[in-house]
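**Student:** Sharing a sequence plus its predicted fold:
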Number of protein chains: 2
Amino acid sequence: MKSVSLAEKLAKITTHWDPHVVADYNDNDVMVVKFAGEFPFHDHSDTDDFFLVIEGEIIIDVETASGIESHTLRAGELFVVPKGIRHRPRAEHEAKVLLIEPKGTPNTGDAVTASKKPRL
Amino acid sequence: MKSVSLAEKLAKITTHWDPHVVADYNDNDVMVVKFAGEFPFHDHSDTDDFFLVIEGEIIIDVETASGIESHTLRAGELFVVPKGIRHRPRAEHEAKVLLIEPKGTPNTGDAVTASKKPRL
């Protein structure tokens, strides 16, 4: 048991869209990640997707019946994408984010990205 | 679906040790809470306990085989107390914290505090 500094962990990450596990909560990975640019639209059929912005600003585009809704999130703001909802995270400038997902969840909803996340 | 500002939600809370739900993640409550003073030692036999400090400083005392370990956490630091581990959160000055727990988890491990948490 030890405390985890998100800033310290994030300082070790040099890639984008590459979540790293920093803690375990029940059967979930608690991860930090740097966003920059655009991730593909995807959904997770079995799980909600938790985002909390640590630094910077991100946009989460969400597909709805009436079109794409864009949600802008700044540091200290969180967003949960409900399971099954197609969404696309993006960031104009590099942003730092805390993610929580059940272990084994693919990044993109595609089995190819379901491999175990690296741990910091 | 909408973004949640932790600071806005916390500004509405006037009590201590009184978690308020701000979002749902799978079957978990995502909550904000203000700590001040000392909470009783307790454990949760069925779940880990997730703490992320938003503002201020908290201490989590944890019972181990060799005595009490005290973990100090500042803003941007998180800590997960594994299930079954007795712990006591405290704060010398008011601190603001994000908590995640499965819905229905008692605050103290005691059924008396298992009632549904208020929602902001």
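**Tutor:** Yep, it's here.
**Student:** The closest residue to A:Ser5 other than its chain neighbours: how many residues sit nearby?
**Tutor:** Among residues not flanking A:Ser5 along the chain, B:Glu77 sits closest, at 5.2 Å (Cβ to Cβ, 6 or more residues apart in numbering or on different chains). (Glycine included, C-beta is placed from N, CA and C.) Per other Cβ atoms under 10 Å in any protein chain shown, the neighbour tally for B:Glu77 reads 20.
**Student:** list the contacts for B:Glu77?
**Tutor:** A:Ser3, A:Val4, A:Ser5, A:Leu6, B:Leu52, B:Val53 (Cβ atoms under 8 Å, 6 or more residues apart in numbering or on different chains).
**Student:** Likewise for A:His20?
**Tutor:** A:His20 neighbours (Cβ under 8 Å, 6+ apart): A:Lys9, A:Lys12, A:Ile13, A:Met31, A:Val32, A:Val33, A:Lys117, A:Pro118, A:Arg119, A:Leu120.
**Student:** Using neighbour counts, trim these to the buried set.
**Tutor:** A:Lys9, A:Ile13, A:Met31, A:Val32, A:Val33, A:Lys117, A:Leu120 (16 or more other Cβ atoms under 10 Å in any protein chain shown).
**Student:** Isn't A:Ile68 up against A:Ile60?
**Tutor:** No. A:Ile68 lies out of contact with A:Ile60 (Cβ atoms under 8 Å); the separation is 10.4 Å.
**Student:** Strands - which of the buried ones among the contacts of A:His20 land there?
**Tutor:** A:Met31, A:Val32, A:Val33 (DSSP state E).
**Student:** Tell me the bridge partners for the second one.
**Tutor:** Just to be clear, that refers to A:Val32. In this entry, A:Val32 is beta-bridged to A:His20, A:Leu98, by DSSP bridges.
**Student:** give me the low-pLDDT residue ranges for chain A?
**Tutor:** A:110-115 (pLDDT under 70).
**Student:** Go again with 90.
**Tutor:** A:1, A:104-118 (pLDDT under 90).
**Student:** Look up how far A:Val33 lies from the residue sitting nearest the centre point of it.
**Tutor:** The centroid of chain A falls nearest to A:Leu99 when counting by Cα atoms, centre = their mean (4.3 Å). To A:Val33, A:Leu99 is 6 Å away according to Cβ to Cβ, to the nearest Å.
**Student:** Overlap in contacts, these two.
**Tutor:** A:Pro19.
**Student:** Show me which residues of chain A sit near chain B.
**Tutor:** Residues of chain A lying near chain B by Cβ under 8 Å from any Cβ of the partner chain: A:1-7, A:22-26, A:30, A:47-48, A:50, A:52, A:54, A:62, A:69, A:71-73, A:76-83, A:85, A:98, A:100, A:102.
**Student:** Of these, just the buried ones, PyMOL syntax please.
**Tutor:** Of the residues of chain A next to chain B, the buried ones go into a single PyMOL selection, burial set by 16+ other Cβ under 10 Å:
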select buried, chain A and resi 3+4+6+22+23+25+26+30+47+48+50+52+54+62+71+73+76+77+78+79+80+81+82+98+100
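**Student:** Inside helices: which ones of the residues of chain A next to chain B?
**Tutor:** A:Leu6, A:Ala7 (DSSP state H).
**Student:** need the contact list for A:Trp17.
**Tutor:** A:Val33, A:Lys34, A:Phe35, A:Gly37, A:Phe39, A:Asn107.
**Student:** Tell me the secondary structure at it.
**Tutor:** coil (DSSP: H, G, I helix; E, B strand; the rest coil).
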